[in-house]
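> Need coordinates for the following:
(2 chains)
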Amino acid sequence: MSDSTATRANVYDVRPKTEVPAESPLAWSYHTSGRPSVSQKSRVVLRERAMAGHMILRGGAIVLDEAVRGVLGFGLPARPNTLSLSDDGARSIQWLSPDEWLVIVPGGEEFTLERQLREALGDAHYAIVNVSGGQTLLELEGDKARELLMKSTPYDVHPDAFPVGKGVTTVFAKANLILRRPTETRWELVLRRSFADYCYRWLLDAGAEYAIGVEK
Amino acid sequence: MSKSLKQPNRLKEGGRIDRSRKLSFTFNGQRYQGHAGDTLASALLANGVDIVNRSFKYSRPRGIVAAGAEEPNALIQLGSTEAAQVPNVRATQQALFDGLVARSTNGWPNVQHDLMGWVGKVGGRFMPPGFYYKTFMAPASMWMTYEKYIRKSAGLGRSPMERDPDSYDHLNQHCDLLVIGAGPAGLAAALTAARSGARVILADEQEEMGGSLLDSRELVDNQPAAQWAERVLKELAGLDNVTLLARTTANGYHDHHFVTLHERRTEHLGETAPLVNGHRPSRSRMHRVRAGQVLLATGAHERPLVYGNNDLPGNLLAGAVSTYIRRYGVVPGHKLVLSTSNDYAYRAALDWLDAGREVVAIVDARPAPNGEWVEQARARGIRIIEGAAVLEAKGASRVNGARVATIDAGAFKVTGQAETLDCDTIASSGGYSPVIHLASHTGARPTWNEEILGFVPSLVKGVHAAGSARGIHDLAAGMADGVAMAAQALEALNRPVQAIELPQVEARREGAACALYQIPHEKPTLRAPKQFVDLQNDVTAAGIELATREGFESIEHVKRYTAMGFGTDQGKLGNINGMAIAARCLNRSIPEVGTTVFRPNYTPVTFGAIVGRHCRELFDPERYTALHQWHVENGAEFEDVGQWKRPWYFPQTVNGKKESMHEAVARECLAVREKVGILDASTLGKIDIQGPDAREFLNRVYTNKWLKLEVGRVRYGLMCKDDGMLMDDGTTSCLGENHFLMTTTTGGAAGVLEWLELWHQTEWPELDVTFTSVTDHWATMTVTGPEARKLLAEITDIDLDRSAFKFMDWREGNVAGVPARVFRISFTGELAYEINVQANYAMHVWKTLFEHGDKYGLTPYGTETMHVLRAEKGFIIAGQDSDGSVTPEDLGMQWAVGYDKPYSWIGKRALSRSDTRRTDRKQLVGLKPKDPTVVLEEGAQIVFDPDHAIPMPMVGHVTSSYYSPTLGSGFALAVVKGGHQRMGETVYLPMADGKTHAAEIVGTIFYDPKGERQNV
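Below you'll find the predicted structure:
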């Protein structure tokens, strides 16, 4: 990283170098509400993808797209309310607002990614903010997953209105979250840390009639 | 008992009930039997139960009148246990299940012998319209007493006193076309839209879909009409793009085609939802539908005729008689007189005859009726009395006769000699009113259609009506209309239309109906036997006439004065008749009088369905910090701050006794002042600000100066609204030339972020700067007290030397092995370090601090101690010591205002207004109670002269007040008019209990005025 970049923004790896106990935003929820086991009857299955790297990118689409392509090998999603994925599906970029994207990468990659992006972006006006500690991602699958979402969000989750590759920020019960559909069968919820327990309890309650299970 | 199990009115065959399944139920303590497929109403009629209720005002005996949602009398209370109580259920809409327990809603002490009966017998002179206003208003102090008895005798049902064992939920639905009503028009429309590939929701309020097809005499494709309905429903059920919702009432039509449907999922199965796979499904469900287009196929309600004693049990709607016979195999009497204004009602007499019972006569108001069904009736030997009507029903607790005579409806006169017919049932029909309630919810006023003698809905964009709902009552025409209106809706959505082939319906020649509402009587309306217009609210024709005489000319006023169409009834049966009577009395036409507005909900909705699962633990989100588990495990009491749960204080058990809040706070305060305390400050709003213009932006939104803040430094700032009033405060740190971290108050976080975005996006888009919330990303731990440095030094690699890491500096390094930013800012007045780490690692850091903290006396403290400590230092809390009418100058914080900044900042101009320059504004000061043991009440009003006559001029109020264990006395912050110039003066606080406290005005800093302790 060049010196000028270093003085312009304070960037450092927030992950400890040594092994330190870490807790996802749902640690307390698992402790108090438990994790109903997945059974044959489970028509909805939840799975947390904990400790991933979450970054907010802000700036002009063209400049960011070029930098992101160079570093990640795939670009920004072309249209509002959509997401783009790496070939293996492990990394994603989601449109959030006209100058704002959410990047999710496997945990531990985020600092390197931020450094590489800052390098590539040089003097352009942009912002990169690591928000990994502030949110977590829940995967939702099963033949009743969509009905469970219908109980929870006023957004239209019918496949005609919510095709694969779509992602939105929307109302969920009385909270907000990011809702996206990376594959035909999988939905993803990006929860804010402080609201995670409420959303988790809501999902268990609304999902009880589908024998919802939570994978460990 | 055995007698009552016989079902004397049940026909040997016919109906859509399952005779092989017998269900037993209890009504008003008596056991009866019915069949699967019955409603409670049809089962009661089958058992010959005449009286189902007492009327609301006059306490007159009442029986079942209708067969659907329009039933005004049969309001019942359901439930065998306290927890299962459900009030105001219409017996006509409640499916029978085995073990059902129901009671009359009205009738104290019981329906057969009613204490209140004298009121009804003595009659209307005791309870004219406006009765409550006129009688019970004086003396006003007695109203509570009156009300108690009026409510009890009127009996509007009651809510359960125990917790509901059931659950309820919501389902958000979206569709291209929402079709409401699954009768002939609705089914034709839904099929058209479904075959065209649109996303369709078809909702119907009844137990079974099909509407009028289920009890029609007519043939469709040469088969009973119900078979066509079954075929269509089977096809619809097999289509992925169709959602069928039976037992689902569209109750409210809100803006933008947002319609709330109330689905009764298990109410036909039992009091409580039966278990499915060990889980109890929701009892009822609110579908929140956002529709592209809406098609109302809600059909029509038959209008009863208004004649004397038309409320006696045994008076029914003609259509209801047919429904009970054809759909439920129940004939609700033996000898029928039918009074009608139209052809269609003749089916009641034909069905009655087919059921093997006697039709005494058909009394037709038209001079020479000649339609097809009229001729059929004549051919079957039924006596038809032409140009006549039933003037009055005879009987005490059930009809035993009908007085009929020829009338001149236009002149409102009885023209012939009355004849009394011996009968036990009078069916009446005055025509058909389209069900326009939902269209009315959209705000569109319905229009009168003289041809059909009814109001038809006016429709806002995107709403369509088809069939009877817009006055097309003919079966074939109604089906065709359903197709046409569905096509119209699809075209509005730019969708291709796949037309369907309509079934064959034999044409039926029908004579014209005549306009008939209130039947004239030999006596004037005010002296005639009561002629009921609105049975549920006990509104009579005489009442409406009286209202118009008393000067209530607007139909809206008539409604309110008489209560016509109030409450759960919403004017389903009575409104048109009432308007017609008002029109007659006022000598106007019905369209001139107009209609009242129908409001949601169409029928009562259980609160559970409205609430869904937004109740109990899920009533409101609770926001937790990363350290919540530790707080719980260490016995914290919690305080709600917005939606956050923050530790309030940490009571300890001392000598087997749990500390009071006062004791805990005193201990926590002293620990911070003397040793070291720790606070979870993670809830503070945190906004990451990046961009080359970040500094300039801060300079404009804060009142103070930001241009020279160096990297590594922190500054406190005040934020004003454009009116110059304090909005929020907090510290902002310079992380890099183009990078800042702003903190806000806990409650202000979201508002401040929006505020920044608002000004950036609307006023200063040219500034290159971005704002991102990082509140949840960072966990913040405040370690504060004289021992804070020693403690932190044990677990950090940051140089804590006072010359290297000064007050209002921040540094980066490791704390407990976790990368951290540490800020030397202080809200306690003591040496303090605010440690920020990525929240996933916060628990580790927090626990490590405690592993090392014992020897320093590390004490967790909560928000209450935080408040005391900051108030001792005169640090304000925005929103507590300020209230949207307080400027930085009022707070004495001129030091944080950059009057000479080059670019104007938000609020600057407002601070030079004459009002903000006044010297007698309420200003923030300290108050020292003269009695040190007194802790003033927050919010207490302040006066200068306690001997002033009441009302005393009030000159301010206490904003923060606590007991200080450090000072050993109570102390307070307050706003006082001109307070800054009144140091040393005494003010007074007269309290509600008669005591008056005296306090001295002092500076706002009570402790360490030079700020030496935070600078060590």
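
> switch to C-alpha atoms for all contacts and neighbour counts from now on
Noted.

> Leaving out the residues flanking it, which one is nearest to the residue most central in space within chain A?
When chain A is reduced to its mean C-alpha position, the nearest residue by Cα atoms, centre = their mean turns out to be residue A:190, at 4.5 Å. Nearest residue to residue A:190, sequence neighbours excluded (Cα to Cα, 6 or more residues apart in numbering or on different chains): residue A:137, at 4.5 Å.

> Determine the three-state secondary structure at the one you found.
strand (DSSP: H, G, I helix; E, B strand; the rest coil).

> pretty sure it contacts residue A:192?
No - checked against Cα atoms under 8 Å, the pair residue A:137 and residue A:192 is beyond contact range at 9.0 Å.

> Over to residue B:1001. Which of the three states is it?
strand.

> Burial check on it, number of neighbours?
The tally of other residues near residue B:1001 (other Cα atoms under 10 Å in any protein chain shown) stands at 25.

> Beta-bridge partners for it, please?
residue B:927 (DSSP bridges).

> give me the residue from chain A nearest chain B.
residue A:134 (3.5 Å; Cα to the nearest Cα).

> State the mean pLDDT of the top helix by length along chain A.
Secondary structure assigned by DSSP state H gives helix A:193-207 as the longest helix of chain A. The average pLDDT for helix A:193-207 rounds to 98.

> Pull out the buried positions in that helix.
A:193-204, A:206-207 (16 or more other Cα atoms under 10 Å in any protein chain shown).

> Stretch B:885-895 too?
Neighbour-count burial for stretch B:885-895, counted by 16+ other Cα under 10 Å, picks out B:886-891.

> likewise stretch A:24-35?
By neighbour count on 16+ other Cα under 10 Å, the buried set for stretch A:24-35 is A:24-30, A:35.

> Same list (the residues you listed) but as a markdown table, adding pLDDT, distance to chain B and secondary structure.
Formatted as a markdown table, the buried residues of stretch A:24-35 follow (pLDDT from 0 to 100; distance: Cα to the nearest Cα, whole Å; DSSP: H, G, I helix; E, B strand; the rest coil):
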| residue | pLDDT | distance to chain B | secondary structure |
| --- | --- | --- | --- |
| A:24 | 98 | 6 | coil |
| A:25 | 98 | 7 | coil |
| A:26 | 98 | 9 | coil |
| A:27 | 98 | 9 | helix |
| A:28 | 98 | 6 | helix |
| A:29 | 98 | 10 | helix |
| A:30 | 98 | 11 | helix |
| A:35 | 98 | 17 | coil |
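
> how about JSON lines for the residues you listed, with distance to residue B:806 added?
Putting those into JSON lines (distance: Cα to Cα, whole Å) gives the following:
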{"residue": "A:24", "distance to residue B:806": "34"}
{"residue": "A:25", "distance to residue B:806": "34"}
{"residue": "A:26", "distance to residue B:806": "37"}
{"residue": "A:27", "distance to residue B:806": "36"}
{"residue": "A:28", "distance to residue B:806": "37"}
{"residue": "A:29", "distance to residue B:806": "40"}
{"residue": "A:30", "distance to residue B:806": "42"}
{"residue": "A:35", "distance to residue B:806": "47"}
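
> per-residue confidence for residue B:401?
Residue B:401 is given a pLDDT of 98.

> Kindly confirm my reading that it forms part of a helix.
No - Residue B:401 is assigned strand when assessed by three-state DSSP, not a helix.

> can you tell me how far it sits from chain A?
For residue B:401, the distance to chain A equals 55 Å [Cα to the nearest Cα, to the nearest Å].

> Alright, calling it a day.
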